[in-house]
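1. A structural model of the following input is requested.
(chains A and B)
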Amino acid sequence: MKKLIAFALVLAALLSCVSGCGTTEDNQENSFVFTEENYPKMGGSLANLPLGEAVTATVLGIDREKASSMIVFEGSTTDNYEALVDGTFDIILAYEMGDDAIAYANEKGVELEMTAIGADALVFICSLENTVEDLSDEQIKEIYKGNITSWDELGGDNHPIIAYQRNKDSGSQTLFDKLINLGDQLMEAPKDHQVGSMLGLLEAVADYDNSKDALGYTVYYYLTNMEGGKLDTSKLLSVNGVAPTNETIASGEYPYVNDFYVVIRKDAAEDSPERVLYNWIISEQGKELARRENYVVK
Amino acid sequence: MKRIILLFIAVLLFLTACESTEPAKEVSTPVFTVNGELPDIGKFSASKPQERFYKEYTPEFIPSDDYGEIIPFIGNRKTYTTSRFFGEKGTNVYSYGFCTPDGKIVTDSSPHNYIELLSTDNGFEYYYMSVTDDSHDTYYPREYFIPKSGKWCLAAPAYSHISDAGRERILISNPDMHFAVYDYDGKMIFELTDISDFSYYQNGLSAITIGEGDSARCFYIDSDGNKVLGDYRYATDFTQHGIAGVVDENGDCYLIDTKGERVIEKSYKKVRIKHKSNHNSPALFILSDDSLPGVYDVYTDDGGFVNTITLSNEKQWLNLLYLGNCVLYDNDGTLYTLDDRKVYINNTFGDRYGTVYEPFDVIKYSVNDRTAILDENGNILANLFDMYSFEDISNDHRYLLYRSGEYSDFEKKYELTDNSTCYIYDTAENKKLFPLNGERYDYINFTTADKRYVKLYSYNYENHENARNVTLYDTQSQRVLFKDTEYVRHMKLSGKDYFLVCTLNSCALYNSELDIIYKSHNE
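-> Numbers count the residues shown, from 1 in each chain, chains lettered A, B, ... in the order given. Okay, here's the model as predicted:
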């Protein structure tokens, strides 16, 4: 009888072992291969284009130019989230969703799943010729309310501050609205009359133009990695004595920091390409790729 | 009992083993991993800075430096959520600026509706453009002309046009009687403000009309604005052979040369001129006398008599069709050759008027869903079902590239399948060859008259958005230059090729070696 019992025990142990072996086989069978056909529709914010391009090129084994033609990184953060909710995109790399995007997702009954993968920041720039090096967050608010109007109030020359803003649907304006949060107190933006005088009655919100009295803002990663040569004529201003760098953004010491996320729809199937890609982007390999692209990685 | 307990333990062990497989299910989610080190994919291609190289240019666009030549670049492309046209999800607005061929920025980019590099018949190359603003409205009341040197910029009312005025001068005019002559340096020579009609310059002369109705008087002026011939009650423009039709103060109508001398003896009461295409193209004069209604004498543009024709409807003279060396006229749906009045084609194909496709010199004649393509001798080259548009891609009529289906199908959101595909048709073998490259294209056009580069468009029909895919194919090297683009513009400046190419994420200006002169990322 003891033999029978021993046999039962061995059998149980064996079955247990076989079950374990089965898992290993599943892992091998479940290694996922991306192709151009099954690659998820990817979109996101412009500042995340290099990451989207790098991810696409790496997982498909194609060059960056080809990768860039397969993804769409433009439009506002809200546009990108709405496109994800609607199914225009399967996966996005974007900043945190705003109230409009949350309301849209709720209205459509779509839940999203997101993980922060890195941080970016709103930064302020002025001409290299300008002697001002630092602004406090309070000074920034007063400038854009229209209460501080001359550089000499900030320790610079007695020249008017030309405080440029961005068009309302740009990513950096969205970031400005969120982080500086002036609401109705935001002063009217300067219009571009110079272009208008040459080519008609054009009245667009003028772009920062590097002139000596100009003050502009943009996104840190975009400025330092995507807009080659801009810092040859402009400089980054520190805020509250903290210069924006990869380190101060990572530590949160720089005040105007904003995370960016990889996002998919929550109902994406476990074996769907977008979920597999999502998992890879937040894996150590994905983070290593983001670091290589010079992002501040979480 | 002991046995039962041991057996129970064994079963329990087994079940435990089974349960242990549960967490493994999560592990069994498909996983992607890059084996080994991450591959080297190179660096991201950053935008070139849009810093104005010529900082001292004035608002009038007059340079403080010599630019040499300028070429448009796209500073960025913005998509607005509102649409201008049916079927669009949003509107793309491109911001153009000018740079030198080596990428030095001359003007900052600003939103434009339209920008085109054009040339007058005498070879004066210039940019014709209109601007817009954040409203991205399609209509803007001002247009601008800039020579390829960028030395000056002239603003003109909408729908203005540049034409040659002779002696290295240009006429900028529009249908609202804006009439001003400039030299090639942008200096105005003279301007007319009191005219009621005008013609373009030919042989150094333009016919202008002062006053209206019975009091209208016509003169010919030179490129200094001097009246050199006239006055007349009515005057046509001069042809390239220096002949014009006039009605003098006595009501007599005849043809004259550039000295005002009559070139035909016979007098008529009415004269009309019908050009093949533009005012520089071959023309015919149609003269008639009120005493013989429906009878018209036709003269060539050097004053030679061609024939007398009879038309049931006076308006039919408008339907003179130039087909190679043959000229046809339409009388009640039957086309006759003008020189010997033989029937070219009767109304077998229905009562629709034909359309001549230049410079191919073939005629498209269609009824319902069937279209015939005929050459100047009346030979049917192709008889195609559901043909919408075509191009002669061989210049000898052997191969036609045609598209079937209607654009309205797209507008009406009909399911479009193979019907909208472009085909090459072999007119000698009377058969369709194959869809280009085996791929579907919805629209095709050549970028220039020399047919070197062809743009192949595929539209996104799935959701009828404005997304489209443009391929640029070089027929000379027989290779695809750009694929999967959103927008391609080919420009030929001083004989050199330039390409403006936008993808979903960026816009770039390339030279003929396909080196990037300027690149920006879309906002």
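2. in the chain, which strand is the longest?
-> Just so you know, I chose chain A. When chain A is parsed with DSSP state E, its longest strand is strand A:112-127.
3. that's the wrong chain, I wanted chain B
-> Criterion DSSP E: the longest strand present in chain B is strand B:105-119.
4. B:Lys431: neighbour count?
-> By other Cβ atoms under 10 Å in any protein chain shown, the residues close to B:Lys431 number 11. In this view, the C-beta of every residue, glycine as well, is placed from N, C-alpha and C.
5. low-confidence ranges, chain A, go.
-> Where chain A drops to pLDDT under 70, the residues are A:1-29, A:75, A:166-171, A:189-210, A:228-229.
6. can you list the domain ranges for it.
-> Listed domain ranges for chain A are A:42-119+A:258-297, A:121-257 (source: automatic domain parsing).
7. three-state assignment of the nearest residue to A:Ala101 once chain neighbours are set aside?
-> Using Cβ to Cβ, 6 or more residues apart in numbering or on different chains and skipping residues adjacent in sequence, the residue nearest A:Ala101 is A:Tyr81, 3.6 Å away. Taking DSSP: H, G, I helix; E, B strand; the rest coil as the rule, one finds A:Tyr81 in the helix state.
8. one step back: would you turn the domains of chain A into CSV with mean neighbour count and distance to B:Leu374?
-> Supplementary listing: the domains of chain A in CSV, determined by neighbours: other Cβ atoms under 10 Å in any protein chain shown; distance: least, Cβ to Cβ, whole Å:
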stretch, mean neighbour count, distance to B:Leu374
domain A:42-119+A:258-297, 20, 43
domain A:121-257, 17, 47
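9. can you put those in TSV and add distance to B:Ser312?
-> Listed next are those as TSV, based on distance: least, Cβ to Cβ, whole Å:
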stretch	distance to B:Ser312
domain A:42-119+A:258-297	59
domain A:121-257	50
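10. so which of those gets nearest B:His241?
-> B:His241 lies closest to domain A:121-257 among these, at 41.1 Å (Cβ to Cβ).
11. and the end-to-end length of the closest one?
-> 4 Å (Cα to Cα, to the nearest Å).
12. for stretch A:69-80, same thing?
-> The straight-line separation of the ends of stretch A:69-80 (Cα to Cα) is 17 Å.
13. other residues contacting that stretch?
-> Stretch A:69-80 has contacts (Cβ atoms under 8 Å, 6 or more residues apart in numbering or on different chains) with A:36, A:39, A:42-46, A:48-49, A:52-53, A:56, A:83, A:89, A:92-98, A:100-101, A:104, A:169-171, A:174, B:79, B:81, B:483-485, B:503-505, B:522-523.
14. strands along the stretch 201-350 of chain B, start to end?
-> Along the stretch 201-350 of chain B, counting by DSSP state E, counting those that start in this stretch, strands occupy B:206-210, B:217-221, B:227-232, B:234-235, B:244-247, B:253-256, B:270-275, B:283-288, B:295-300, B:305-310, B:321-323, B:326-331, B:334-337, B:343-345.
15. pick the most deeply packed of the ones you listed.
-> When the strands of the stretch 201-350 of chain B are scored by mean count of other Cβ atoms under 10 Å in any protein chain shown, the highest mean neighbour count falls to strand B:244-247 (a mean of 24).
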